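Participant: Could you look at this predicted model? Sequence included:
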Amino acid sequence: MNAPPATAGRVATELTRHPAIWIGGVILLLFIVAAVAAPWLGTIDPQRIRPLTRLRPPDADSWFGSDMIGRDVFSRTVYGARISLVVGITVALLSVAIGLVVGLVAGFVRWFDGVAMRVMDAMMAIPSILLAVALIALTGASLQNVIFAITAAEVPRVARLVRAVVIVLRERPFVEAARVVGTPFVALLWRHVLPNTLAPLLVQGSYILASAVLIEAALSFIGAGTPPAVPSWGNMIAEGRAVFQIAPHIVLFPGIALAITVLAVNLVGDGLRDALDPRLERR
């Protein structure tokens, strides 16, 4: 008999009982809508240089002011949401998908477990930001390479998490029963093991999304992320630090947007953890 898996329906019913999920979800949804609607919200071209309005403070015409070469900070902040969310969501999806496959196979195949986990341990021995910087140095700074570098740093955590869950599940009676009746290996993983890994994967995926947004901003801040011409929050903060004393709005607004985005994702992750962990639920 299969164990009851964590499903999307169960998560939905927990929304009213765990307000952190919908509070963070609403905030995150607003940022996603703003990123999609950036061409309409940011009416001024984020790359448009206006020397006569350089270092302009926030006012009715320019809500977030302008930077040191006259570019509109509001438009650049809205377009920067696109970069951060694309990187965060893509890295979360790729890391969960790759780590899930590695963890599922490693949990059942002993020889693969020994090889794969030693590789994962070696990658986890290097801090994520340093590993990402090293990969960017080898491949060059671009949005695709940033996604690849951060994904490579996050996959080992997902793989080890899934492997730990699978090692526990493979000794459960319903998995042993499926083996005895001759269930093919792929069908065994798909029907009996995979559904029971969804709950921890949802939580881990939310934390990876927040981590990827922060790492992308850090890489852009030190000049190892997206190209300087791309309006990303990390680039904006890096450019504005030189004039922070006379124009703090250049750093302030993208910094607030970055902090709120990460906070919203962490709220969703904490709420999912509380909703899907039976021990916390009993408390």
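Facilitator: In hand now; what should we look at?

Participant: where along the stretch 101-250 of the chain do the helices fall?
Facilitator: 110-124, 128-139, 143-169, 173-180, 185-188, 198-221, 233-240, 249-276 (DSSP state H, counting those that start in this stretch).

Participant: Output those in JSON lines; the columns should cover mean pLDDT, distance to residue 96 and mean neighbour count.
Facilitator: Quick note: C-beta positions are derived from backbone N, CA and C, even for glycine. Converted to JSON lines, those look like this (pLDDT from 0 to 100; distance: least, C-beta to C-beta, whole Å; neighbours: other C-beta atoms under 10 Å):
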{"stretch": "helix 110-124", "mean pLDDT": "86", "distance to residue 96": "15", "mean neighbour count": "13"}
{"stretch": "helix 128-139", "mean pLDDT": "82", "distance to residue 96": "16", "mean neighbour count": "17"}
{"stretch": "helix 143-169", "mean pLDDT": "88", "distance to residue 96": "6", "mean neighbour count": "22"}
{"stretch": "helix 173-180", "mean pLDDT": "73", "distance to residue 96": "22", "mean neighbour count": "14"}
{"stretch": "helix 185-188", "mean pLDDT": "74", "distance to residue 96": "19", "mean neighbour count": "12"}
{"stretch": "helix 198-221", "mean pLDDT": "88", "distance to residue 96": "5", "mean neighbour count": "23"}
{"stretch": "helix 233-240", "mean pLDDT": "89", "distance to residue 96": "24", "mean neighbour count": "24"}
{"stretch": "helix 249-276", "mean pLDDT": "87", "distance to residue 96": "13", "mean neighbour count": "21"}
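
Participant: Which of those sits closest to residue 54?
Facilitator: helix 249-276 (10.6 Å; C-beta to C-beta).

Participant: what helices or strands is the closest one leaning on?
Facilitator: Judged by 3 or more C-beta pairs under 8 Å, 6 or more residues apart in numbering; DSSP states H and E, helix 249-276 is in contact with helix 8-13, helix 19-36, helix 73-108, helix 198-221, helix 233-240, helix 278-282.

Participant: Please put the alpha-carbon coordinates of the helix or strand just after the second one into CSV.
Facilitator: Read it as helix 19-36. Following helix 19-36 in sequence order, the next helix or strand is helix 38-41 (DSSP states H and E). C-alpha atoms of helix 38-41 as CSV (Å, rounded to 0.1, in the frame of the first residue of the first chain):
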residue,chain,number,x,y,z
ALA,A,38,7.7,46.1,-16.9
PRO,A,39,7.3,47.7,-20.4
TRP,A,40,4.1,49.3,-19.2
LEU,A,41,5.1,50.2,-15.6
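
Participant: ok, back up a step: distance to residue 81 for the helices of the stretch 101-250 of the chain - can I get that in a markdown table?
Facilitator: Output for those, formatted as a markdown table (distance: least, C-beta to C-beta, whole Å):
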| stretch | distance to residue 81 |
| --- | --- |
| helix 110-124 | 30 |
| helix 128-139 | 21 |
| helix 143-169 | 14 |
| helix 173-180 | 43 |
| helix 185-188 | 39 |
| helix 198-221 | 10 |
| helix 233-240 | 8 |
| helix 249-276 | 7 |
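
Participant: right, so of those helices, which gets closest to residue 31?
Facilitator: helix 249-276 (5.6 Å).

Participant: what is the orientation angle of that closest one with helix 198-221?
Facilitator: Interaxial angle, helix 249-276 versus helix 198-221 (axes from the mean of the first three to the mean of the last three C-alpha atoms, to 10 degrees): 170 degrees.

Participant: wait, what's in contact with residue 101?
Facilitator: If you count contacts by C-beta atoms under 8 Å, 6 or more residues apart in numbering, residue 101 has none.

Participant: how far away is it from residue 260?
Facilitator: Residue 101 is 33 Å from residue 260, where distance means C-beta to C-beta, to the nearest Å.

Participant: returning to what we had before: which one of the helices and strands packed on helix 249-276 lies closest to residue 134?
Facilitator: Ranking the helices and strands packed on helix 249-276 by proximity to residue 134 (C-beta to C-beta) places helix 198-221 first, at 11.4 Å.
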